[in-house]
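Visitor: A predicted structure for the sequence below; I have some questions about it.
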Amino acid sequence: MSQHRSSGNQRVVRDVVFVDGVRTPFGRAGEKGIYAGMRADDLVVKCIRELMRRNPALPAARVDEVAVAATTQTGDQGLTIGRTAALLAGLPRTVPGFAIDRMCAGAMTAVTATAGGIAFGAYDVVIAGGVEHMGNHPMGAGADPNPRFMSERLVDPAALNMGNTAENLHDRFPAITRDRTDAYAVASQNKLQAAYGTGQIQPDLVPVATMKPGQGWTVNTVDEPPRPGTTLEDLASLRTPFRAHGRVTAGNAAGLNDGATAALLASSDGAAELGLAVKMRLVSYAYAGVEPEVMGIGPVPSTEKALAKAGLDIGDIGLFEINEAFAVQVLSFLDHFGISDDDPRVNRYGGAIAVGHPLASSGIRLMNQLARQFEEDHTVRYGITAMCVGLGMGATVIWENPHHADYSGAGPLNAENTAEISARNESPASTHTAGATA
């Protein structure tokens, strides 16, 4: 989304930048999970408050919008959660908010929807986020699909069960065997464990205190779903719940999880005015529809569309953050673009198979991880965040690294200012978790 000026009464299209992003540690859904008994809205409120604490140069009144996504918009995830979360977080009552649902791509859609407003000039600074408490709201709970879906055969019955769509993807691409998906899943666990060991995950986490009867208070500073040390032998013993003698298991798919994310976006000139660091620049984005019964293939056409809009090709992309709803879904993407299963550009810190996938919140986790990799690797100019979406969609956002020598954003990156802000952002909350391991 490059900046250009037009004559007459036409508006200026402004650069949109990713300033900062945070998330709660992800938990396992259910009675034994770390967030059992906790409200979903309280999780996203903690993320909003942490964003404001980490960016003290931003006056709260300068936030123009709060967009929060949730897949199941009822109960503690309902009531226009973007507005209620803004109020609960202590933002001025003048700050509006709204709710979004695009299933797994909810937070990603919150980012792109508000980014369009920034580019158009309706906003200068926004908070976009997502939350899913699958323990409180199991996927599909309370949903009432129109009977025409089945009676008129508008979609295959498998489209309403994500595990079945993953098995269908295996059918379509027989070269993606269970052995391959299990190997990919083990690698995801190992990469996440390594990233924890080197402190690459902790700076983006918001500590969350929880209270359980008979157990007292616990401060949660690490993700609950990871299973470090997982082996191929472990995964080979797991059953295939979606199909007898199938290929999709609990080990090569993301689990049922609770968690929240939030990001701070701004116009490039707004960030400069307020002294906010720039972690990424939004280049282009696209959404695409596919057959609902093979929804996992969705990121392929959405990525092709986003690349075409940006005037790039897949060879220009130096980093990929792809949501691992299912290993087969990621591998179908990699195969399409001729990328090897173990390409070091892909999910360097591991992915959702290891860290979890609280549906509508996951898009911003991908962005957080890409932004941190941009900070570490200045040789990479462009990166992608992508994910499949229930009912047959794909979502892709392309970002540019402001640390790259050929960065095309408006104005040079102020390295001295960025270093100062980065150091401030990672204290004291990040030091609270710096010694944690997966």
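Guide: All right, it came through fine. Predicted model only: the values in this text are computed from it and were never measured.

Visitor: C-alpha only now, for contacts and for neighbours.
Guide: Will do.

Visitor: excluding chain neighbours, what is closest to Val397?
Guide: Closest residue to Val397 apart from its sequence neighbours, by CA to CA, 6 or more residues apart in numbering: Tyr285 at 4.2 Å.

Visitor: what about that neighbour, how many neighbours?
Guide: Residues lying near Tyr285 (other CA atoms under 10 Å) number 25.

Visitor: quick one: it from Leu334, how far?
Guide: 19 Å (CA to CA, to the nearest Å).

Visitor: on contacts alone, who are the packing partners of the helix or strand containing Asp269?
Guide: Using DSSP states H and E, the element containing Asp269 is helix 268-274. Packing partners of helix 268-274 (3 or more CA pairs under 8 Å, 6 or more residues apart in numbering; DSSP states H and E): strand 16-23.

Visitor: now do the strand it packs on: distance to the chain's middle.
Guide: Strand 16-23 sits 11 Å away from the centroid of its parent chain (CA atoms, centre = their mean, to the nearest Å).

Visitor: can you pull up the most central residue in this structure?
Guide: The C-alpha lying nearest the average C-alpha coordinate of the chain belongs to Gly363 (CA atoms, centre = their mean; 1.9 Å).

Visitor: contacting residues for the nearest residue to it once chain neighbours are set aside?
Guide: In space, and not counting its chain neighbours, Gly363 is closest to Met108: 4.6 Å by CA to CA, 6+ apart. By CA atoms under 8 Å, 6 or more residues apart in numbering, the residues touching Met108 are 362-364, 395.

Visitor: list the buried residues of the helix or strand containing Met108.
Guide: Assessed by DSSP H and E, Met108 sits inside helix 106-120. By 16 or more other CA atoms under 10 Å, the buried positions in helix 106-120 come out as 106-112, 114-120.

Visitor: show me the strands in the protein, by range?
Guide: Using DSSP state E, the strands of the chain run over 16-23, 27-28, 65-69, 97-100, 125-133, 208-212, 216-220, 257-267, 280-289, 317-322, 382-389, 393-400.

Visitor: just say which of these is most tucked in.
Guide: Most buried of the strands of the chain by mean neighbour count (mean count of other CA atoms under 10 Å) is strand 125-133; its value is a mean of 33.

Visitor: give me the mean pLDDT for that one.
Guide: The predicted model gives strand 125-133 an average pLDDT of 98.

Visitor: neighbouring strands for that strand, and are they parallel or not?
Guide: Strand pairing for strand 125-133, determined by DSSP bridges: strand 65-69 (parallel), strand 257-267 (antiparallel).

Visitor: count of residues packed around Asp156?
Guide: Asp156: 14 neighbours (other CA under 10 Å).

Visitor: how about it: what's its closest non-neighbour residue?
Guide: In space, and not counting its chain neighbours, Asp156 is closest to Glu293: 5.9 Å by CA to CA, 6+ apart.

Visitor: ok so, going back, show me the contacts for the residue nearest to the centre of the chain.
Guide: 104-108, 323, 385-387.

Visitor: count of neighbours near Ala89?
Guide: Neighbours around Ala89, by other CA under 10 Å: 19.

Visitor: offset the numbering so it begins at 80, please.
Guide: Okay, using 80 as the starting number, the last item reads as Ala168.

Visitor: surely it meets Val124?
Guide: Yes. Using CA atoms under 8 Å, Ala168 is in contact with Val124, at 5.2 Å.

Visitor: find residues that contact each of these two.
Guide: By CA under 8 Å, 6+ apart, no residue touches both Ala168 and Val124.

Visitor: give me the pLDDT value at Arg503.
Guide: Reported pLDDT for Arg503: 45.

Visitor: pLDDT on the longest helix along the chain, on average?
Guide: Selection of the longest helix in the chain by residue count, based on DSSP state H, yields helix 257-276. In this model, helix 257-276 has an average pLDDT of 98.

Visitor: flag every buried residue along it.
Guide: 257, 260-276.

Visitor: swap in stretch 380-390?
Guide: 380-386.

Visitor: which ones among these lie within helices?
Guide: 380-386.
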